[in-house]
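Visitor: sequence plus the predicted model coming up.
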Amino acid sequence: MSDQKLVVGVSQGDINGIGLEVILKTFLEPGINEICTPVLFSSQKTVSYYRKVMGIEEFNFHPLRDLSQINNKKVNVFICYEEEVNIEMGKASDVGGKYAAISLEKATEALMANKIDVLVTAPINKHTIKNEGFNFIGHTDYLAKKLNGTPLMVMCTNSGLRVALATDHVPLKDVAAKLTVESIAEKINMFYTSLVRDFGIRKPRIAVLGLNPHASDNGTIGDEDLTIVKPGIDKARGDRMIYGPYSADGFFGSANYKQFDGILAMYHDQGLIPFKTLAFSEGVNYTAGLSHVRTSPDHGTAFEIAGKNTASEQSFKNALYMAMDIYKNRKLHSEITSNPLQHTTIKKER
């Protein structure tokens, strides 16, 4: 699709959160239809309800039930359900979870069938979305099962900061047991591949954070950084620029993170607290390792401000732009690696 606009699929997220608000605000941006063809997986009634609540007068969308009928000059709304839905802004409910799951399932089907090029997912509530028909913790587990089932990596990124996780939604008491030399080497390799293929960084510099305070301080505060983390780094390094383990507090406190293209944290809060402190309003969540491109805003449902029309759309907008950038980077990388320049030896004339 090099000569066409990318078709960007968007799942609506929890209908009681801020997802549809930030989606519609993004779609109202001047020129959005010049750079992509958006397809929102929702319903005509739900979108019309939000348009009314937000006081949006000028917003024409194209409803469709067949993805072959996409209008590339308008925002498209694929009708996932016809019934009236009880929207209770700011409330976590089974209804909100049910229709978040329906939207995600329909959007994923379209992605798998190549009816859309990339997927941007609006926030869900991990508790309410889980039901008899949707037995997954969240987006990442569901997409891993549906798309390729390979190990994935959670990555949070903005224009100058990329943080990946060696473990993601794991209780802190279980983190050390989840880490092995092999798992850390695997995550480093996956991270490196993503930085090259998805972000177009030819020779990325990666920093790896230690597990314990002060990266174990030579074994005086636990030994995992000496026996697991460092050997994992050594196993993955080869001739690549991979450094660590670093003490996490000093690494971010001294702004050392600015010297690297990517940072691998050992667990969720170690990586995401500094990331969200530095880039909360504009950060993007990216799932590395999937066969297709999926991004999301780096915030949740924000029930506490839902319905107040005060949510910033910047993170969602960045997620949409980044999905398109990654798709194009992957395509370029594929073209370059499948047609490498042939090495020729030029003989000097005497």
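Guide: Right, received. Where do you want to start? This one's a predicted model, so the numbers in the text were calculated from it and none came from an experiment.
Visitor: what does the lowest-mean-pLDDT helix or strand in the chain contact?
Guide: Least confident helix or strand, the chain: helix 139-143 with a mean of 86, by mean pLDDT, DSSP states H and E. Contacts to helix 139-143, defined as C-beta atoms under 8 Å, 6 or more residues apart in numbering, come from residues 104, 108, 121, 124, 134, 136, 152, 154, 168, 287, 290, 294, 296. All C-beta atoms are positioned from the backbone trio N, CA, C, and that covers glycine.
Visitor: between the residues you listed, which has the most around it?
Guide: Within those, Thr121 tops the neighbour count with 31 neighbours, counted by other C-beta atoms under 10 Å.
Visitor: on that earlier part again, what comes up buried for the least confident helix or strand of the chain?
Guide: His139, Thr140, Tyr142, Leu143 (16 or more other C-beta atoms under 10 Å).
Visitor: now do that helix: distance to the chain's middle.
Guide: 11 Å (C-alpha atoms, centre = their mean, to the nearest Å).
Visitor: can you tell me which of the buried residues of helix 139-143 is closest to Gln314?
Guide: His139 (20.1 Å; C-beta to C-beta).
Visitor: so which of the contacts of helix 139-143 belong to helices?
Guide: Among the contacts of helix 139-143, the ones falling in helices (DSSP state H) are Leu104, Thr108.
Visitor: nearest to Thr180, of the contacts of helix 139-143?
Guide: Closest to Thr180, out of all of the contacts of helix 139-143 and judged by C-beta to C-beta, is Asp168, at 15.8 Å.
Visitor: check contacts around the closest one.
Guide: Thr140, Val154, His268.
Visitor: my guess is the second one meets Gly289, correct?
Guide: Just to be clear, that refers to Val154. No. Counting by C-beta atoms under 8 Å, Val154 sits too far from Gly289 to count as a contact (9.6 Å).
Visitor: from Ile326, how far off is Leu290?
Guide: Distance, Leu290 to Ile326, using C-beta to C-beta, to the nearest Å: 10 Å.
Visitor: quick one: the helices in the stretch 51-200 of the chain, in order.
Guide: 94-112, 139-143, 175-178, 181-197 (DSSP state H, counting those that start in this stretch).
Visitor: put together CSV for those, with distance to Leu64 on each row.
Guide: Formatted as CSV, these follow (distance: least, C-beta to C-beta, whole Å):
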stretch, distance to Leu64
helix 94-112, 11
helix 139-143, 24
helix 175-178, 44
helix 181-197, 33
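Visitor: closest to Ala319 out of those helices?
Guide: helix 139-143 (12.1 Å).
Visitor: helix, strand or coil for the closest residue in space to Gly55 that isn't next to it in sequence?
Guide: Excluding the flanking residues, the one nearest Gly55 by C-beta to C-beta, 6 or more residues apart in numbering is Asn309, at 7.5 Å. Here Asn309 is coil, with the state taken from DSSP: H, G, I helix; E, B strand; the rest coil.
Visitor: isn't Asn309 right up against Met54?
Guide: Yes. Counting by C-beta under 8 Å, Met54 is a contact partner of Asn309 at 5.5 Å.
Visitor: so what's in contact with those two at the same time?
Guide: Glu21.
Visitor: between those two, point out the one with more neighbours.
Guide: Per other C-beta under 10 Å, whichever of Asn309 and Met54 has more neighbours is Met54, with 16 against 13.
Visitor: distance of the more buried one relative to Ile32?
Guide: 16 Å.
Visitor: okay, now the unreliable bits of this protein?
Guide: Scanning the chain for pLDDT under 70 picks out 1-3, 132, 149, 340-350.
Visitor: got the domain ranges for it?
Guide: Domain ranges of the chain: 1-150, 153-289, per automatic domain parsing.
Visitor: could those domains go into CSV alongside distance to Ser334?
Guide: CSV is the format used below for these (distance: least, C-beta to C-beta, whole Å):
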stretch, distance to Ser334
domain 1-150, 12
domain 153-289, 8
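Visitor: for the chain, which segments count as strands?
Guide: Assigned by DSSP state E, the chain shows strands spanning 6-11, 36-42, 61-64, 75-79, 118-121, 153-157, 162-165, 205-209, 241-246, 262-265, 284-288, 293-297.
Visitor: quick one: strands adjacent to the fourth one?
Guide: Pointing back at strand 75-79 there. strand 36-42 (parallel), strand 61-64 (parallel) (DSSP bridges).
Visitor: to Arg197, which of the ones you listed lies closest?
Guide: Across the strands paired with strand 75-79, closest to Arg197 is strand 36-42 (C-beta to C-beta), at 21.1 Å.
Visitor: flag every buried residue along the lengthiest helix in the chain.
Guide: The helix spanning the most residues in the chain, taking DSSP H as the definition, is helix 314-338. Applying a neighbour-count criterion of 16+ other C-beta under 10 Å, one finds 314-330, 333 buried in helix 314-338.
Visitor: same deal with stretch 192-200?
Guide: Those would be Tyr192, Ser194, Leu195, Val196, Arg197, Asp198, Phe199, for stretch 192-200 by 16+ other C-beta under 10 Å.
Visitor: so what's the nearest residue to Val208 once chain neighbours are set aside up against?
Guide: Distances taken as C-beta to C-beta, 6+ apart place Gly244 nearest to Val208, at 3.3 Å, with adjacent residues excluded. Taking C-beta under 8 Å, 6+ apart as the criterion, Gly244 is in contact with Ala207, Val208, Leu209, Gly210, Ala215, Val229, Lys230, Ile233, Leu264.
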